[in-house]
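# from the sequence below, what's the structure:
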Amino acid sequence: MERQGVMGSFYQISEWVTRFAYLNLLWICFTVVGLVFLGIMPASVAMLTVIRKWLKGDKEITIGKLFMTTYKKEFVKANALAVFLFVSAYILFINFQLLVQFTGVMHSIFFLFLVMTTCAYILMLFFIIPVYVHYNLPFYQHIRQAFLISLLSPLVVMVMVIMLLSAYYLFMFIPGLIPLFGASTVGFILMGVTFYGFKHLEVKRKGSEISYE
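Coordinates of the predicted model:
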């Protein structure tokens, strides 16, 4: 029988708190299982896959089963993406180190180019895992799509930044919440905001060849 009234609301809130805590625990455990470096990306992909199901209205999924299935299925591909992102960040870092070799106008031009490239990279990072989870694309198309969406959706970026900052200050104010809800909250913000951003863009791009998983 469906619960109604105050008790019904309390039950629903408790249920969602439990789901978020469980998903957060899965993310931590499977990140550790992958020795952190090899576990964090597939665990994040698995977590956002679960959240995407919730956003689509499928709230009765078996969280653990979907998480573990996705983790194993995407382990190699997700880590290949992680390596690409890490190497890209390292190249940017090296280029900043090389700035000392330039002076005058060349220094200013190179510095401006690197700053713009770094900003584009950071924006792409906000969208890369949601894009990976949401779209069925060839490997490098995920990078391109994440970058394009970050440019075409400034409002989505703004909302995401505001929500992430709000979560940051909440967790700094109550640090005890981090091990319980830290990753799952960030994942929900990333997937939740971009999910509705995707839907808005897809209306404009009706007839596109992009397909879904």
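
# residue 38 - how many residues pack around it?
Per other CB atoms under 10 Å, the neighbour tally for residue 38 reads 17. Where you see a C-beta, it was placed from the backbone N, CA and C, and this is true even at glycine.

# where does this protein have low pLDDT?
1-5, 203-213 (pLDDT under 70).

# hey, where'd the strands end up in it?
Ranges of strands within the chain are 135-136, 211-212, based on DSSP state E.

# pull up the pairing partners for the first one, direction included.
Yep, that's strand 135-136 we're talking about. strand 211-212 (antiparallel) (DSSP bridges).

# residue 28 contacts residue 181, correct?
No: under the criterion of CB atoms under 8 Å, residue 28 is not in contact with residue 181, lying 11.2 Å apart.

# residue 111 is in contact with residue 98, isn't it?
No: using CB under 8 Å, residue 111 is not in contact with residue 98, being 10.8 Å away.

# these two: who's more crowded?
residue 111 (14 against 11).

# between residue 28 and residue 181, which one's more packed in?
In terms of neighbours (other CB under 10 Å), residue 181 is the more surrounded of residue 28 and residue 181; the figures are 20 against 17.

# any idea how far that one is from residue 62?
21 Å (CB to CB, to the nearest Å).

# what count of nearby residues applies to residue 49?
What residue 49 shows, counting by other CB under 10 Å, is a neighbour count of 24.

# how close does the closest residue in space to it that isn't next to it in sequence get to residue 42?
In space, and not counting its chain neighbours, residue 49 is closest to residue 70: 4.6 Å by CB to CB, 6 or more residues apart in numbering. The gap separating residue 70 from residue 42 is 8 Å, by CB to CB.

# wait, the residue nearest to residue 49 touches residue 45, no?
Yes: between residue 70 and residue 45 there is a contact at 6.4 Å, judged by CB under 8 Å.

# any idea how many residues pack against the residue nearest to residue 111 when sequence neighbours are not counted?
Distances taken as CB to CB, 6+ apart put residue 99 closest to residue 111, at 6.0 Å, once the chain neighbours are dropped. Residues within reach of residue 99, counting by other CB under 10 Å, total 13.

# quick check: residue 99 vs residue 87, distance?
To residue 87, residue 99 is 20 Å away according to CB to CB.

# so residue 40 makes contact with residue 82?
Yes: using CB under 8 Å, residue 40 is in contact with residue 82, at 7.3 Å.
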